[in-house]
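S.K.: take this sequence and fold it.
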Amino acid sequence: MDGVSNTFSIPAPSLGKTTNDRLNNLCALLDGYFTNGAQHLNVNVMSREMLVEASLFLCSYGLFD
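M.R.: As a prediction, this is how the structure comes out:
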């Protein structure tokens, strides 16, 4: 049986106020996802600033050469 691949992006502050909280919350989210039978997940944790910068400087992020 083939699995489904999901991709989601989330800003780091959405996971918690401290680095430790963010790590614990991301681990809990992933544990819950895979415990329910998931097989593959792409997670992008980034800031709004990074997204804006990437949209302005695409070549710097390897999007277009």
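
S.K.: spatially nearest residue to the residue nearest the centre of the chain, not counting backbone neighbours?
M.R.: When the chain is reduced to its mean C-alpha position, the closest residue under Cα atoms, centre = their mean turns out to be residue 44, at 2.3 Å. Sequence neighbours aside, residue 9 is the residue nearest to residue 44 in space, at 4.1 Å (criterion: Cβ to Cβ, 6 or more residues apart in numbering). All C-beta atoms are positioned from the backbone trio N, CA, C, and that covers glycine.

S.K.: residue 48 too?
M.R.: residue 11 (6.4 Å).

S.K.: next: residue 26.
M.R.: Using Cβ to Cβ, 6+ apart, the nearest residue to residue 26 is residue 15, at 5.5 Å.

S.K.: before we move on, back to that, was I right to think the residue nearest to the centre of the chain contacts residue 8?
M.R.: Yes: between residue 44 and residue 8 there is a contact at 7.2 Å, judged by Cβ atoms under 8 Å.
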